[in-house]
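> fold the following.
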Amino acid sequence: MLEINKHIPNDVADGAPALVLLHGRGSDKDDLMGLQPGLPQEAVLITPRAPFPGAPWGYGGGWAWYRFLGGTTPDPASFERSVAALAELVEALPEILPVKPGVVIVGGFSQGGTTALGYSLSHPETVDGVLMFSGFLPSHPDVAATPETVRGRKVFWGHGTLDQMIPFANAIQGRDALARAGADLTTGDYRTGHWIDPQELADASSWLTSFQTATAGR
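Next comes the predicted model:
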């Protein structure tokens, strides 16, 4: 099981949305917990640590979800291991959390967002929404944006137009593939580099609030 950090609201109740957000490469499970004050306060937030040390791949002293091969291609073996570990975590949420979660939204930043999107397309029945910050649609045989894997799923995809780590063109390519497959896609373009802009976080929070409203009482 992945090592996790979690935030449980004081007044949490059954049906609370569960957000599982994955950090970028070279970082750790505490990184995206810093987003919590800007997210809907009724949400449960789970931030797992990636399974691979980043240093052997040149990613610094933190952790990584996969070895990057270039373009939009992750190393298949490491990517598959991370997707399997994320699947195990999502399946265990009812046991990990003190309440029965409502909608389950996976996402993350950079490598984390890419891994979460890949997981959502290979395990579509387990995910209600995807929250993407500066990632890409991974090129992998188990990952395909089709009507069967997307099924009108709600997706927020924010990306910096000046991103030098993951080019904005990769975001356009991935978004187009999701839109063609029928995703309920919300996008945000920000004149920033490879980070989460404050306006991007605010837009993502508004998207999450509207998501909860649309699915309330389902």
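
> how about the helices in the chain?
76-96, 111-122, 147-150, 168-180, 198-215 (DSSP state H).

> out of these, which one sits most buried?
helix 111-122 (a mean of 28; mean count of other CB atoms under 10 Å). From N, CA and C alone the C-beta is placed, and that goes for glycine too.

> in the sheet, who's paired with residue 159?
With DSSP bridges as the criterion, residue 159 is bridged to residue 189.

> my read: it touches residue 192, true?
No - Residue 159 lies out of contact with residue 192 (CB atoms under 8 Å); the separation is 9.0 Å.

> excluding its backbone neighbours, what's nearest the residue nearest the centre of the chain?
Closest to where the C-alpha atoms of the chain average out (CA atoms, centre = their mean) is residue 107, at 1.1 Å. Distances taken as CB to CB, 6 or more residues apart in numbering place residue 131 nearest to residue 107, at 3.0 Å, with adjacent residues excluded.

> list the contacts of that neighbour.
Shown in contact with residue 131 (CB atoms under 8 Å, 6 or more residues apart in numbering): 19, 21, 105-108, 113, 116, 155-156, 204, 207-208.

> low pLDDT regions in the chain?
Where the chain drops to pLDDT under 70, the residues are 213-218.

> ok, residue 159 and residue 192, which is more surrounded?
A direct count of neighbours by other CB atoms under 10 Å for residue 159 and residue 192 places residue 159 higher, at 29 against 18.

> residues in contact with residue 86?
2, 20, 22, 48, 106, 115-116, 119.

> what's the closest of those to residue 171?
Using CB to CB, residue 116 is the member of the contacts of residue 86 that lies nearest residue 171, at 14.7 Å.

> gap between that closest one and residue 174?
12 Å (CB to CB, to the nearest Å).

> and residue 182, by the same measure?
Taking CB to CB as the measure, residue 182 and residue 174 are separated by 15 Å.

> repeat for residue 96
29 Å.

> what do you get for residue 105?
Counting by CB to CB - residue 105 and residue 174 are separated by 18 Å.

> do the same with residue 66
16 Å.

> who does residue 68 form a beta bridge with?
residue 74.

> need the contact list for it.
Residue 68 makes contact with 25, 57, 74-75, 111, according to CB under 8 Å, 6+ apart.

> now swap in residue 63 and tell me
23, 25-29, 49-54.

> ok, of those, which come out buried?
23, 25-29, 49-52, 54 (16 or more other CB atoms under 10 Å).

> and those residues, which is closest to residue 6?
residue 29 (9.4 Å).

> does the closest one touch residue 20 like I think?
No - here residue 29 lies out of contact with residue 20, judged by CB under 8 Å, at a distance of 11.2 Å.

> now do the shared contacts for the two.
Contacts common to residue 29 and residue 20, judged by CB under 8 Å, 6+ apart, are 47-48.

> picking up where we left off before, what is the nearest of the contacts of residue 63 to residue 42?
Each of the contacts of residue 63 was scored against residue 42 by CB to CB, and residue 29 proved nearest at 21.8 Å.

> excluding chain neighbours, what is closest to the closest one?
In space, residue 29 is closest to residue 49, 3.8 Å off (CB to CB, 6+ apart).

> who's in contact with the one you found?
2-5, 23, 28-29, 63.

> need those in TSV (columns: distance to residue 87).
Shown next, in TSV, are those (distance: CB to CB, whole Å):
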residue	distance to residue 87
2	10
3	16
4	14
5	19
23	18
28	21
29	18
63	18
